[in-house]
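**Student:** With the input below, show me the fold.
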Amino acid sequence: MCLSGSVLQALCDRLWRFHRLKSASVFFSAAGLSAVIGVFMRLPHIFAAAIVALAGSFSAFAVADAVPDQAIRKTLESLQLELPVESIAASPLNGLYEVKLKGGRVLYASADGQFVVQGYLFQIQDGKPVNLTEKTERQAISKTINGVPAAEMVVYPAIGETKSHITVFTDTTCPYCHKLHEEVGQLNKMGIEVRYLAFPRQGLGSPGDQQLQAVWCSKDRKEAMDRMVDGKDIKAPKCENPVTKQFAMGQSIGVNGTPAIVLADGQLIPGYQPAAQIAKLALGAK
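**Tutor:** As a prediction, this is how the structure comes out:
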């Protein structure tokens with residue numbers, strides 16, 4: 001996986017800090033909480049099973065029937081989260097409220113806004129744990145990604161019957177993206193349509209950004225993508241293009257490197273996977 005520049009520089013330090021946090025129950029002041037959430041929001045969810053709290057008394061679970069929207073929003077606004085709040089609703093756990101952020105990520109909050117939780121919420125159904133957080137996030141990501149018009153993508157259609165599709169955030173300067181691109185033909189033969197979105201991992205204005213804009217401004221995007229991945233120059237006039245918008249979209253759903261593969265059901269898979277493994281996952285996505 002080709003990490004974005006900012007993530008690559010900060011990852012080791014953040015993992016160490018998170019390891020220390022996991023070893024104890026930690027409560028934070030409002031200022032400390034803002035910094036900690038900023039760290040968690042940039043890490044994959046496997047590292048995000050932590051509970052953080054604002055200083056104050058705990059009276060959250062004696063709540064009225066109405067959603068305490070105002071109190072929760074006031075707390076989250078004070079934290080200055082990078083992603084805006086899209087909705088607040090009661091969660092399946094009595095007294096805990098589900099906060100959806102732009103892009104699909106989920107937080108939980110107490111009714112009075114004094115406690116904020118980032119992590120997975122499981123419900124036991126028929127003796128088996130069901131990850132409700134992951135389910136909600138996948139639904140939101142699927143809605144976001146599948147709402148992108150095909151005209152704004154670089155699409156490699158399935159050969160014969162289209163059995164499923166994947167959406168790949170790519171960067172033409174990323175070696176692992178090149179490796180995945182070499183296997184697109186195999187995926188197409190297995191009935192998997194491959195849809196590319198742009199994600200310049202080194203940021204806007206980087207060589208990857210310039211190359212991706214050239215691809216998206218070409219008359220034949222597929223041919224331009226193939227040539228660019230092969231290391232050949234392409235000439236394309238500057239045009240209005242969705243590269244910046246797609247980069248922001250990727251960041252909002254948790255993409256921090258390339259390639260990042262999104263299945264039809266919204267599952268986000270970071271990094272390169274062999275074609276056979278991708279096809280297995282794609283065909284199993286519902």
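
**Student:** Leaving out sequence neighbours, find the closest residue to residue 273.
**Tutor:** residue 261 (6.7 Å; Cβ to Cβ, 6 or more residues apart in numbering). C-beta: built from backbone N, CA, C; applies to glycine.

**Student:** Am I right that that neighbour is in a helix?
**Tutor:** No. Judged by DSSP: H, G, I helix; E, B strand; the rest coil, residue 261 forms no part of a helix; its state is strand.

**Student:** what sits opposite it in the beta ladder?
**Tutor:** Beta-bridge partners for residue 261, by DSSP bridges, are residue 168, residue 269.

**Student:** Any idea how many residues pack against it?
**Tutor:** 23 (other Cβ atoms under 10 Å).

**Student:** correct me, but it touches residue 277?
**Tutor:** No. Under the criterion of Cβ atoms under 8 Å, residue 261 makes no contact with residue 277, lying 10.2 Å away.

**Student:** Spell out the secondary structure type for the closest residue to residue 142 other than its chain neighbours.
**Tutor:** Among residues not flanking residue 142 along the chain, residue 266 sits closest, at 3.2 Å (Cβ to Cβ, 6+ apart). Three-state call for residue 266 (three-state DSSP): coil.

**Student:** Residue 266: what's it in contact with?
**Tutor:** 104, 137, 138, 139, 140, 141, 142, 143, 145 (Cβ atoms under 8 Å, 6 or more residues apart in numbering).

**Student:** From residue 97, how far off is it?
**Tutor:** Relative to residue 97, residue 266 is positioned 22 Å away (Cβ to Cβ, to the nearest Å).

**Student:** how far away is residue 107 from residue 140?
**Tutor:** 13 Å.

**Student:** who has more neighbours, these two?
**Tutor:** Each of residue 107 and residue 140 has its neighbours counted (other Cβ under 10 Å); residue 107 has more, 26 against 21.
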